[in-house]
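# Provided below are the primary sequence and the corresponding predicted coordinates.
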Amino acid sequence: MASDSQKTRDLDDMQKLVSLAKRRGFVFQSSEIYGGINACWDYGPLGIELKLNIKQAWWNSMTRRPDIEGLDAAILMHPLVWKASGHVDGFTDPLVDCKKCKNRFRADQIDTSKGCPSCKGELTEPRNFNLMFKTFMGPVEEDAAVVYLRPETAQGIYVNFLNVHTAARKKVPFGIAQIGKAFRNEITPGNFIFRTREFEQMEMQYFVKPGSDDEWMASWKERRLQWYLDHGFRRENLQFHQHGKGELAHYAKAAFDIQYKFPFGWQELEGIHNRTDFDLGRHQEFAKKSLEYFDEHTKEKFLPYIIETSAGCDRSLLACLCDAYREEGEGDDLRVVLKFHPKLAPVKVAFLPLSKKEELTGPTQRLQQEFVEDMVTQYDETASIGKRYRRQDEIGTPLCVTFDFDSLNDKKVTVRHRDTMAQDRVDLTQLKDYVRQKLKNFSN
Ligand code: GAP
């Protein structure tokens, strides 16, 4: 039996992750040298690789099927879009201020009858605060020039429904996928990159015939859960949460969240919504342009219903880091390891010469060169081999290739596996195939 110190421990404290993320170059505070700016974060060298891998995995899963097309709409849109969508009038949170300590809270997240949660001071009456960022288009700062930074990518898809349908000659049911930045002036951002004011969404809107919407909703719900499982997320850390009547957004007939068990509790990772024909109906009304679909086969005209899958890229990345994080051992034997699925791991293979001697460093670097076009690799010759393995564990590199003195004669290298720490001796002529196979046939 494993002793307590050998047992694997999950992430119990977000601060450990925040400090690892900074130290190893996943996530930095934005404008840090100026003291930072609240709820904005920058992705470092490893963070951007991880983020790109998440986006690519999502993009491939959506667009490598015949019924879904991609889109990249502008962030700035006609202001009427946000009137039609309901965001100008309804995208608000109830805000209260503490009269004593001046802190701000969302009235729906605290018990206002108990006063300020920080200092027990008296709170103001709740007032509605619109979460959209406003700016001005052109040189004159006047009401007529107001535009918004989009608070969701979805509307860019709805207003392009007819364009994509015509250009890509798609028949309902079909979907449009988009990844892009969204902005919300959140009252209470926080928990690292969980709730920020600038973030990326990965959204797919699936246009279906009314009447088939319940079936498509059920199907997309399962597919989206499966996507997380296929990318290494642990099943016990994922659950569905169905929105009750009071929780449903104004546009939704039904809604499920996929929630993740973060160290700070179960929280929404992605929303799956049956938006009915609300959005197309509203745009049709405000743009005064028919958005109806004509079914050539049945000769019917109708406004499609929309099933939406809306995931936060930054939130997926945070969940991915939390899920992958493990600690083993104690004190000097402590091993922190990020057990990423190899598809998502920022670095796939590290090349390590056993010593700094030129007779080993030269061949190791030449070996690395054979891989650089295919995958992200690292080369490290500093510190002991044990320390270098630990460093790679901490950034989640699935495989380390060590070139030692024997390699010069037997033309073999040691491949060390992140999760089991097992080591194989592999012939140099077989190495590429071996690495490809191991990265592909991964299971944890
Ligand atoms: N188009 C539907 C929509 O935007 P939402 O539930 O408001 O629905 C979808 O947002 C997803 O976007 C959330 O599940 C979350 O992953 C992400 N998201 C929303 N607000 C966020 C914020 N302030 N910071 C980071 N991610 C956010």
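Sure, I can see it. Numbering: from 1, shown residues only.
# beta partners for the closest residue to the ligand within the chain?
Ranked by CB to the nearest ligand atom, the top residue of the chain for proximity to the ligand is residue 312, at 2.3 Å. Every residue, glycine included, has its C-beta placed from N, CA and C. Beta-bridge pairing of residue 312 under DSSP bridges involves residue 201.
# OK, contacts around residue 19?
With contact set as CB atoms under 8 Å, 6 or more residues apart in numbering, residue 19 has no partners.
# I'd like the next helix or strand past the strand or helix carrying it.
Here residue 19 sits within helix 14-23, counting by DSSP states H and E. Counting by DSSP H and E, the element after helix 14-23 in chain order, helix or strand, is strand 27-29.
# which outside residues touch that next one?
Strand 27-29 has contacts (CB under 8 Å, 6+ apart) with 18, 21-22, 36, 40-44, 47, 192-193.
# Wondering if the helix or strand that it is followed by reaches the ligand at all.
Sequence-wise, the next helix or strand downstream of strand 27-29 (DSSP H and E) is strand 41-43. No. Using CB under 6 Å from any ligand atom, strand 41-43 stays clear of the ligand, coming no nearer than 10.2 Å.
# So what's the gap between the helix holding residue 19 and the chain middle?
Distance, stretch centre to chain centre, for helix 14-23: 18 Å (CA atoms, centre = their mean, to the nearest Å).
# Report the rounded mean pLDDT for it.
Regarding helix 14-23, the rounded mean pLDDT is 98.
# What are the buried residues along that helix?
Buried residues in helix 14-23, counted by 16 or more other CB atoms under 10 Å: 14, 17-18, 20-21.
# Stretch 312-332 too?
Residues of stretch 312-332 classed as buried: 312-328 (neighbour count, 16+ other CB under 10 Å).
# Just the ones in strands from the residues you listed, please.
The strands in this structure, assigned by DSSP state E, contain 312, 325-328 from those.
# got the residues you listed as JSON lines, with distance to residue 248 columns?
Listed next are those as JSON lines, based on distance: CB to CB, whole Å:
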{"residue": "312", "distance to residue 248": "19"}
{"residue": "325", "distance to residue 248": "34"}
{"residue": "326", "distance to residue 248": "38"}
{"residue": "327", "distance to residue 248": "40"}
{"residue": "328", "distance to residue 248": "44"}
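# who touches the closest residue to residue 92 other than its chain neighbours in this structure?
Distance criterion CB to CB, 6 or more residues apart in numbering; nearest residue to residue 92, sequence neighbours excluded, is residue 128 at 4.0 Å. Counting by CB under 8 Å, 6+ apart, residue 128 touches 92-95.
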